[in-house]
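Participant: please find the sequence and the predicted model below.
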Amino acid sequence: MSAPGYQDSLRFLYQRINYERISTTPARYPFRLGRMVELAERLGLGDYLYANALRPPKPVIHIAGTKGKGSTAAMVASILAAAGYRTGSYTSPHLSDLEERFRINGIPCAPHELVALVEQIRNVVEEMDRESGSAPTFFELTTVMAVLHFQAQACDAIVLEVGLGGRLDSTNVFASSVTAITSIGLDHQQVLGNTIAEIATEKAGIIKPNVPVVSSVVRPEAIEVIHAAAAKQNSPLYQLGEAQLGEGQLGETQLGKGGCAVSPSRHDFTVSNERHPEWGSQIHYRGLTAPLRDQRDVTLAMEGAHQVRNAGVAIAVVDLLSEHGLAVPETAFDSGLFKLNCTARIERFQLKEGGIALVDAAHNDDSVAALIQAMDARLQGRPVTIVFGTSRDKSAESMLASLAPKAAHLVLTKYSGNPRYREPTEMLPMVPSDFRQHAEVVEDAIQACKRGLELATPEGVLVICGSFFLAAEARQWILSLGGT
């Protein structure tokens, strides 16, 4: 049962979303960090602002990336919680309830706490509406609500996931203790830019002077941008060693950590793994540059080579937090990662009808590639039925080109709750002609999932992907069927 005032609080926040404007505007960033700074200051968060503080009152971990930032944020928070630290994490989007964005030690904010937070900000927001004529946005409000919540709940550390980009994201007004950039790929081009270098520049905007940054990007042009940004800010940079930089991509004049020339083969930590027989991986982490610790072996519950890389970043980030007074015992790394499950990140369900289902919020080319890699590694030739729906601003054609060859059956659909969905009839011609005979359209998302279940034999696999919104609907449907 909802807390009194809960629906009114949601209306207060959601009325500040305009999907059509955000999804179609050709202008870069309809957001203003000055407004965000003013909002935070009026709400008493001045001590956390980058403009006012060399260091935040509590350690703040700031994470950006085209994909992997949400999983990495969850991993960092889980390790710190396992070490006994009260850890707040702000992530987006949510799957079912807005409170999922505000978690302390993995537990979402309660509905009555959400109501109290809205009441705490309401007068200030309405004053700003009247005075400036530029109303704070939904994401700006949820960002300050998160920090207010973590402050009120006496969190020892705060993990902030970037919402979009980095440089002009609402989270970027806050001072940070460690930053991380997980990956750079083509996504949100209408806002961030049309090239890898342009998008990398936006994401590298979270790098702050003298604040260490951990990077697991692999594209040479992105690595070049991030290394240059770190050097400009005099920020120690720790690069994952699996990156294949390619010859000649970084010239000898490019400066890295401490003003030294960046070598194309430079790396500060590495990760390798063996697949767990059932699910997940056994990870071997090796730190090569102080203060990263030499080595540790941990078990990761989440599936996929990309999650192994994310875990490596999370471990490196936590290592760097030792300089901020957060001592983490070795046991916390294993226990924090072993028990972690991120919803809709290649999430596996055993179906009562037989077979398995995978629900994944993959919604761009890089995340679809990671999903396919996991499918190839784990499904062992089992027939696959894919239910796919996505947004108008996503690269549906290239995602379908990758997914269609993996599917015995392909069901195209849309989802409710967000007018940005792409009509499935528009996507049917995007399916490669060699596989179009195996594709069909089912408009309603749940009916599409039911059709997918019919097509997946008892020995088969149902894969649902393309959007957080579709993943949210499908996940609830699977749980209602008794999927585990």
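Facilitator: That came in fine, so what should we check first? Residues are numbered from 1 along each chain as shown.
Participant: gap between Asp334 and Ala83?
Facilitator: Distance of Asp334 to Ala83, computed by CB to CB, to the nearest Å: 11 Å. (Each C-beta comes from the backbone N, C-alpha and C, glycine too.)
Participant: neighbour count: those two, which is higher?
Facilitator: In terms of neighbours (other CB atoms under 10 Å), Ala83 is the more surrounded of Asp334 and Ala83; the figures are 22 against 17.
Participant: show me the contacts for the spatially most central residue of the chain.
Facilitator: Taking CA atoms, centre = their mean, the centroid of the chain lies closest to Gly70, which sits 2.7 Å from it. Neighbouring residues of Gly70 by CB atoms under 8 Å, 6 or more residues apart in numbering: Thr91, Ser92, Glu161, Cys342, Arg345.
Participant: just checking, which helix or strand of this protein averages the lowest pLDDT?
Facilitator: Using mean pLDDT, DSSP states H and E, helix 19-24 stands out as the lowest-scoring helix or strand of the chain, at a mean of 45.
Participant: and the longest helix belonging to the chain, what's buried?
Facilitator: Using DSSP state H, we find that the single longest helix of the chain is helix 111-132. Within helix 111-132, the residues scored as buried using 16 or more other CB atoms under 10 Å are Pro111, Glu113, Leu114, Val115, Ala116, Leu117, Val118, Gln120, Ile121, Val124, Val125, Met128.
Participant: same check, this time on stretch 88-99
Facilitator: Gly88, Ser89, Tyr90, Thr91, Ser92, Pro93, His94, Leu95, Leu98, Glu99.
Participant: partner strands of the helix or strand where the second one lies, parallel or antiparallel?
Facilitator: In this case it means Ser89. Using DSSP states H and E, Ser89 maps to strand 87-90. Strand pairing for strand 87-90, using DSSP bridges, gives strand 102-104 (antiparallel), strand 157-161 (parallel).
Participant: could you chop this structure up by domain?
Facilitator: 6-338, 347-480 (automatic domain parsing).
Participant: report the rounded mean pLDDT for the shortest one.
Facilitator: If I follow you right, that is domain 347-480. Summarised as a single mean, pLDDT over domain 347-480 is 92.
Participant: show the end-to-end separation of that domain, please.
Facilitator: 16 Å (CA to CA, to the nearest Å).
Participant: just the helices in the stretch 101-250 of the chain please.
Facilitator: Under the criterion DSSP state H, counting those that start in this stretch, the stretch 101-250 of the chain contains helices at 111-132, 138-152, 189-192, 196-203, 220-232.
Participant: now tabulate these in a markdown table and tack on mean pLDDT and distance to Leu403.
Facilitator: Shown next, in a markdown table, are the helices of the stretch 101-250 of the chain (pLDDT from 0 to 100; distance: least, CB to CB, whole Å):
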| stretch | mean pLDDT | distance to Leu403 |
| --- | --- | --- |
| helix 111-132 | 94 | 36 |
| helix 138-152 | 97 | 30 |
| helix 189-192 | 58 | 20 |
| helix 196-203 | 90 | 22 |
| helix 220-232 | 95 | 25 |
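Participant: reformat the ones you listed as CSV; add distance to Ile478.
Facilitator: As requested, those are exported to CSV (distance: least, CB to CB, whole Å):
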stretch, distance to Ile478
helix 111-132, 24
helix 138-152, 27
helix 189-192, 32
helix 196-203, 33
helix 220-232, 36
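Participant: of all those, which one is nearest Arg11?
Facilitator: Closest approach to Arg11 among these (CB to CB): helix 111-132, 9.7 Å.
Participant: so which residues make contact with that closest one?
Facilitator: Outside helix 111-132, the residues touching it (CB under 8 Å, 6+ apart) are 2-6, 9, 12-13, 35, 38-39, 42-43, 98-99, 102, 109, 134-136, 141, 144-145, 148-149.
Participant: one more time with 6 Å, if that's ok
Facilitator: Helix 111-132 has contacts (CB atoms under 6 Å, 6 or more residues apart in numbering) with 2-3, 5-6, 9, 12, 42-43, 99, 135-136, 145, 149.
Participant: and it with helix 138-152, angle?
Facilitator: Helix 111-132 and helix 138-152 are oriented at 130 degrees to each other (axes from the mean of the first three to the mean of the last three CA atoms, to 10 degrees).
Participant: please save the CA atoms from helix 111-132 in CSV.
Facilitator: Extracted in CSV, the C-alpha atoms of helix 111-132 (Å, rounded to 0.1, in the frame of the first residue of the first chain):
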residue,chain,number,x,y,z
PRO,A,111,7.7,5.2,-0.3
HIS,A,112,7.2,7.3,2.8
GLU,A,113,10.8,8.5,2.6
LEU,A,114,10.3,9.5,-1.1
VAL,A,115,7.2,11.5,0.0
ALA,A,116,9.3,13.3,2.7
LEU,A,117,12.1,14.1,0.2
VAL,A,118,9.6,15.6,-2.2
GLU,A,119,8.2,17.8,0.6
GLN,A,120,11.7,18.8,1.5
ILE,A,121,12.4,20.2,-1.9
ARG,A,122,9.0,21.3,-3.0
ASN,A,123,9.1,25.0,-1.7
VAL,A,124,12.6,25.6,-3.1
VAL,A,125,11.6,24.2,-6.5
GLU,A,126,8.4,26.3,-6.7
GLU,A,127,10.4,29.4,-5.7
MET,A,128,12.9,28.7,-8.5
ASP,A,129,10.0,28.2,-10.9
ARG,A,130,8.6,31.6,-10.1
GLU,A,131,12.0,33.5,-10.0
SER,A,132,13.8,32.1,-12.9
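Participant: no further queries at this time; thank you.
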